[in-house]
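Engineer: Sequence first, then the predicted structure, then my questions.
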Amino acid sequence: MIQVKLTRSKSGIRRSYFVDFGIYLFLFLFGLFMMLPMVYAVSNAFKPLEEIWFFPPRFLVNNPTMQNFRDLFMIMSDSWVPFSRYVFNTVWITAAGTSGHVVLASLCAYVLSKHNFPGKGLMFSMVVLSLMFSGAVTQIPNFMIIAKLGWVDTYSAIIVPAFASSLGLYLMKQFMDQMIPDAVLESARMDGASEWRIFWTIAMPMVKPAWLTLIIFSIQGLWGTGANHFIQSEELKTLNYALSQILAGGIARTGTGSAAAVLMMIVPIIVFIISQSKIIETMSASGMKE
C-alpha cells in the first residue's frame, strides 16, 4: 500500500515537472517572438543601404557597419539648432513632467483611497471612464485649452498636461487600497502625526513599487513625445521631432532613420529592464479586490 502511494506521488511529481517545463518553454519561445521586431530594428540600424533594400528582405545583417550612426550624427551636427538643445528639451520635459505626475497622482490617490468625502465614488468613476478615451479623441479640446491659457509654443504645453494622466492616478489608488492598512494610518494620527507627515513618511514608502512604475510609464511616454501640435519654435523641439525629420529625407536616409529609431529606444528599454519587477507587482496589485 505504501509502495503504491509512493509510486503515485513520484509520477505526480514527474507530471508536475513536465507541466512546469512546458510552461517555461512556451514563455521562452513567446518571449523570443516578442523580441523579433526589436532585433529587426537593431539589425537594420547596422545594415548598409544596399542591404536594407534586398528583396526578399533579410532579417539579420550580413555586413554590419556604423555608417548609419556616423551619418546621423553628421546630419544632426549640421543643423542650425545644436543637437544638445534637442537633448536638453527632451530631458527637461521628461524630468519635469514625470516629477509632477508622480507627486500629483500620489496626492490625489491618497485622498481618494484613505479619506471619505461626498462625491468620492463619482470622482473615481470619472477617472476610470477617462481611461476609455485615446489621446486622438481629446487632442482638439486639449489644444483649445492650451491656446486659451497662452501655453502654445512653451514647455508648459507638454509638461502640465502630463501631470494629470488618469492612468497614474488609477494605479496609485488601487495600489494604496491593497497595500496601506487603515489601522497603520489611524495609529499615526493618534500619535499626533499630521496628514502630510503620514503621506510622505508612511504612505509613500509603502507604495514604492507603484510610484516607480509611474516613473517608468511617464518616462516612456514623454521621452518619445514629438510635441508637433503645441510647439512650433525649432529651439523648443524635442529629440524625437528632430530625429523624425531625418526620415523625411527620403529613401537615402532609410538607414539613418533606423539608427535614429534605435537611439530613441535605448532609454525606455533600459528603464524598463531595471524596474520590470516593480511594474509586474504594481499591475498585479492594481487589479486585486478584497
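Structural biologist: All right, it came through fine.
Engineer: looking at it, V102 is touching L214, isn't it?
Structural biologist: Yes. Here V102 reaches L214: they are 5.1 Å apart, a contact under CB atoms under 8 Å. C-beta here means a position set from N, CA and C on the backbone, and glycine is covered the same way.
Engineer: ok, these two, which is more surrounded?
Structural biologist: L214 (28 against 21; other CB atoms under 10 Å).
Engineer: Okay, buried residues for the one helix or strand S84 maps to please.
Structural biologist: Assigned by DSSP states H and E, S84 belongs to helix 83-114. Buried residues in helix 83-114, counted by 16 or more other CB atoms under 10 Å: 83, 85-86, 89-90, 93-94, 96-98, 100-102, 104-106, 108-114.
Engineer: Would you state the helices of the chain in chain order?
Structural biologist: Assigned by DSSP state H, the chain shows helices spanning 2-45, 49-52, 67-77, 83-114, 120-130, 139-149, 156-163, 166-179, 182-190, 195-198, 204-206, 208-223, 239-247, 254-286.
Engineer: how many degrees apart are the fifth one and helix 166-179 in direction?
Structural biologist: Relative orientation of helix 120-130 with respect to helix 166-179: 130 degrees, computed using axes from the mean of the first three to the mean of the last three CA atoms, to 10 degrees.
Engineer: Also compute the angle for helix 120-130 relative to helix 83-114, please.
Structural biologist: Using the same axes, to 10 degrees: helix 120-130 against helix 83-114 is 140 degrees.
Engineer: elements contacting helix 120-130?
Structural biologist: helix 83-114, helix 166-179 (3 or more CB pairs under 8 Å, 6 or more residues apart in numbering; DSSP states H and E).
Engineer: change it to 6 Å
Structural biologist: Contacts defined by 3 or more CB pairs under 6 Å, 6 or more residues apart in numbering; DSSP states H and E place helix 120-130 against helix 166-179.
Engineer: How about the third one?
Structural biologist: Identification of packing neighbours for helix 67-77 by 3+ CB pairs under 6 Å, 6+ apart yields helix 254-286.
Engineer: run the last query once more with 8 Å
Structural biologist: helix 83-114, helix 239-247, helix 254-286.
Engineer: for those, which one sits closest to E51?
Structural biologist: helix 254-286 (8.8 Å; CB to CB).
Engineer: Mind pulling up the pLDDT for Y110?
Structural biologist: Note on Y110: pLDDT of 90.
Engineer: Then the one 4 residues further on?
Structural biologist: pLDDT, the model's per-residue confidence, is 87 for K114.
Engineer: Nearest spatial neighbour of it, chain-adjacent residues omitted?
Structural biologist: Spatial nearest neighbour of K114, chain neighbours left out: L185 (6.0 Å); criterion: CB to CB, 6 or more residues apart in numbering.
Engineer: Run through the residues that contact the nearest residue to G255 once chain neighbours are set aside.
Structural biologist: Spatial nearest neighbour of G255, excluding adjacent residues (CB to CB, 6+ apart): N68 at 4.0 Å. Shown in contact with N68 (CB atoms under 8 Å, 6 or more residues apart in numbering): A45, F46, K47, G255, T256, S258, A259.
Engineer: separation between N68 and L243?
Structural biologist: 12 Å (CB to CB, to the nearest Å).
Engineer: in the stretch 151-290 of the chain, which ranges drop under the pLDDT threshold?
Structural biologist: 226-228, 247-252, 275-290 (pLDDT under 70).
Engineer: do the stretch 1-150 of the chain as well
Structural biologist: In the stretch 1-150 of the chain (pLDDT under 70), the answer is 1-15, 78-79.
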